[in-house]
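Enquirer: Please find the sequence and the predicted model below.
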Amino acid sequence: MRLPPENSVAIPMMRRAVELGINYFETSITYCQNRSEIQLGLALKGMRDDVYVSTKSHIHREGERGFRGISERDSTGEDVKSNLEESLHKLGTDRVDFYQFHGFTLENLPVAMAEDGPLDALKAAKDKGLIGHIGFTSHDTPANIIKILDTGEFESMTVYYNLLQMERRGRGELEKLVSAIEHARKLGVGVIVMGPLGGGILGTPIEKLRDLIPSTSNQVELAFRYLLSIPGVTTPISGMTRMSDVEENARIASEYEPLSTDELARIEAIIGRYSSLLARFCTGCGYCQPCPSGVRIPEIFNLVNFYRVYEVGDWARQGYEQLQSSRFHGSADLCIECGACEEKCPQKISIRDELKKAHTLLTKAS
């Protein structure tokens, strides 16, 4: 999803990645303004059998807000079939090795498993050899991800996890995402980890993490070593925008040594202390959602939390710029001060006032 727009830059990057041993490419029907699959298809000409290709599309419930607005009905098997056909055409291939439900949640599971619905459509495509494996990507809570896994319907999952996101708050309790990764490992489900650098935050030097593991040369290497040392993690995926990203990531993966049990324990103890600080303000429980105006309250407060705890102002402001974009359209200045969120907030946060402060903090000059 972070490919450069110019084919003359993006295609050589991907071909170089294959030369260096990178063999898993995850794209989506919507990435890069719908051009990502086309670029990947062009890059893999003559190299298709050397790699695993994964793509995906969303399914929605009636009335759910998605990337293309409010869904007017539940997604159907025909919708998924049409998306798959479009992806195969754009990729220039007769099959994908993995096809995933994009941004999947436990709430959407009944839609997926409806008779003649999206899951049945993928199974039919798999029987025809159009798909190798059926999976899902998710930002849901660990407990919900485990329930999805327990259906036995999926062979892979892609989850957001990194050095700074060891815990995810469910409805009122912190849950360790590694519990879902371990559950997947026991079931024989492949685990792909997205966001290894936290959307770029771990690519920014953080003074508080500088001496976390003395044996690691830099923060990026530490982030990848941490993920690659976790039992059950099949592969991390990294959005790369420059040839130097490809070269460096391949080097780290080729040369890394797993962290020791003692090193992992040290990391988790230190980051755990910071996690508790992150949760003292907004806990990310999500009770305030959905906002009638589309304000993405937990995401905004998460940026503020990281700004305060890790002192990463530039990264937080960049994240907020994305929320202000037409793609996400969920920034704090959309708030109409109806107060519906405050009535539902278990932390009793003065959300309307805090949103104003957040907007000022995240839009001020560097």
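Expert: Good, I have the coordinates.

Enquirer: Flag the shaky bits of the stretch 51-200 of the chain, pLDDT-wise.
Expert: 65-69, 166-175 (pLDDT under 70).

Enquirer: ranges for the helices of it?
Expert: 77-91, 109-112, 118-127, 142-149, 178-187 (DSSP state H, counting those that start in this stretch).

Enquirer: Can you mark which positions in the last one are buried?
Expert: Just to be clear, that refers to helix 178-187. 178, 180-185 (16 or more other C-beta atoms under 10 Å). Bear in mind the C-beta positions are built from the backbone N, C-alpha and C, glycine included.

Enquirer: on contacts alone, who are the packing partners of it?
Expert: In terms of contacts (3 or more C-beta pairs under 8 Å, 6 or more residues apart in numbering; DSSP states H and E), helix 178-187 is packed against helix 142-149, strand 156-160, strand 190-194.

Enquirer: could you redo the ones you listed as TSV and give each row distance to E311 and mean neighbour count?
Expert: Formatted as TSV, those follow (distance: least, C-beta to C-beta, whole Å; neighbours: other C-beta atoms under 10 Å):
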stretch	distance to E311	mean neighbour count
helix 142-149	28	20
strand 156-160	22	23
strand 190-194	25	22
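
Enquirer: quick one, strands of this structure?
Expert: For the chain, the strands defined by DSSP state E cover 24-26, 52-57, 65-66, 69-70, 96-101, 131-138, 156-160, 167-169, 174-176, 190-194, 235-236.

Enquirer: Out of these, which is closest to E342?
Expert: Among the strands of the chain, strand 167-169 comes nearest to E342, with 18.6 Å by C-beta to C-beta.

Enquirer: Just give me the residue closest to the centre of the protein.
Expert: Note on the chain: the residue nearest the mean C-alpha position is Y160, at 4.2 Å, using C-alpha atoms, centre = their mean.

Enquirer: related to what we said a few turns ago, columns distance to N302 on top of the helices and strands packed on helix 178-187, output as JSON lines?
Expert: Converted to JSON lines, the helices and strands packed on helix 178-187 look like this (distance: least, C-beta to C-beta, whole Å):
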{"stretch": "helix 142-149", "distance to N302": "17"}
{"stretch": "strand 156-160", "distance to N302": "12"}
{"stretch": "strand 190-194", "distance to N302": "16"}
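
Enquirer: wait, which of the helices of the stretch 51-200 of the chain is closest to Y320?
Expert: So among the helices of the stretch 51-200 of the chain, helix 142-149 is nearest, using C-beta to C-beta, at 26.7 Å.

Enquirer: same for the closest one, what does it pack against?
Expert: strand 131-138, strand 156-160, strand 174-176, helix 178-187.

Enquirer: Which strands and helices lie in contact with the second one?
Expert: Other elements packing on strand 156-160 under the criterion 3+ C-beta pairs under 8 Å, 6+ apart are strand 96-101, strand 131-138, helix 142-149, helix 178-187, strand 190-194.

Enquirer: Okay, domains of this structure per the record?
Expert: With domains defined by automatic domain parsing, the chain comprises 7-260, 280-363.
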